[in-house]
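Undergrad: can you look at this prediction? I've put the sequence above it.
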Amino acid sequence: MKRFLLPALAALALTACKAPDAPLPTVAAVDLERYYGTWHEIARLPNRFQSMCASDIRATYRADGDNVSVLNECRTADGKLEQADGVARVVAGSQGAKLRVSFFRPFYGDYWVLDLDPAYRWVLVGEPRRKYAWVLARDPELDDATLDALLTRAAALGFDREAFIRTSQDAPR
């Protein structure tokens with residue numbers, strides 16, 4: 001688990017230190033009660049803190065007082081399940097569209113909701129420096145047309161569309 005947490009800490013700390021290159025718009029509001037639950041990673045920009053993750057990446061969000069409890073899980077190439085527990089705080093005035101997430105306090109990183117299905121079936125999440133981004137869905141698979149539209153949206157927001165990698169979701173839990 002430490003292999004999963006320490007790189008996440010470093011990445012979040014770097015994210016927290018740099019100023020954004022240009023404004024990054026978010027959705028107007030996120031109903032956290034509807035957002036809570038499990039999300040499967042469909043695609044992501046590669047990052048060091050998930051480098052050990054080979055497949056079956058998912059995140060579960062739950063209410064935790066005024067905060068949000070975050071549990072990230074993935075399966076390594078040898079089939080081992082890795083987990084990282086974190087906490088998120090809603091950024092004041094963001095209507096739930098901007099969170100500050102930490103897996104090792106006191107360091108927090110940005111988690112901004114950039115596009116969200118009205119039925120809360122899929123979401124595009126990123127951060128203002130555009131180094132990290134994820135496409136998540138409630139189901140382990142997302143149709144190609146929706147994924148293409150989300151990657152197009154990410155590119156329009158300044159993310160490197162070609163750098164996104166698909167996440168394999170193939171091991172039963």
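TA: Ah, there it is. Numbering: from 1, shown residues only.
Undergrad: for this structure, which residues score under the pLDDT cut-off?
TA: Applying pLDDT under 70 to the chain flags residues 1-21, 171-173.
Undergrad: and stretch 123-134, C-alpha only, in PDB?
TA: Output of stretch 123-134 as PDB, limited to C-alpha atoms (Å, rounded to 0.1, in the frame of the first residue of the first chain):
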ATOM      1  CA  VAL A 123     -17.600  12.000 -15.500                       C
ATOM      2  CA  LEU A 124     -14.500  13.700 -16.800                       C
ATOM      3  CA  VAL A 125     -12.200  14.800 -13.900                       C
ATOM      4  CA  GLY A 126      -9.000  16.800 -14.100                       C
ATOM      5  CA  GLU A 127      -6.800  19.400 -12.500                       C
ATOM      6  CA  PRO A 128      -5.900  23.000 -13.600                       C
ATOM      7  CA  ARG A 129      -2.300  22.200 -14.800                       C
ATOM      8  CA  ARG A 130      -3.800  19.600 -17.100                       C
ATOM      9  CA  LYS A 131      -1.300  16.900 -16.100                       C
ATOM     10  CA  TYR A 132      -3.800  14.600 -14.600                       C
ATOM     11  CA  ALA A 133      -7.200  13.600 -15.900                       C
ATOM     12  CA  TRP A 134      -9.600  10.600 -15.700                       C
END
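Undergrad: can you confirm residue 148 is in a helix?
TA: Yes - assessed with DSSP: H, G, I helix; E, B strand; the rest coil, residue 148 lies in a helix.
Undergrad: need the nearest residue in space to residue 22, chain neighbours excluded.
TA: residue 158 (6.7 Å; CB to CB, 6 or more residues apart in numbering). (Each C-beta comes from the backbone N, C-alpha and C, glycine too.)
Undergrad: in the helix or strand harbouring residue 153, what's buried?
TA: Assessed by DSSP states H and E, residue 153 sits inside helix 144-156. For helix 144-156, burial by neighbour count (16 or more other CB atoms under 10 Å) applies to 147, 150, 151, 154.
Undergrad: hmm, residue 116 is touching residue 27, no?
TA: Yes - assessed by CB atoms under 8 Å, residue 116 is found in contact with residue 27 at 5.0 Å.
Undergrad: which parts of this structure are helices?
TA: Ranges of helices in the chain, per DSSP state H, are 2-17, 32-35, 144-156.
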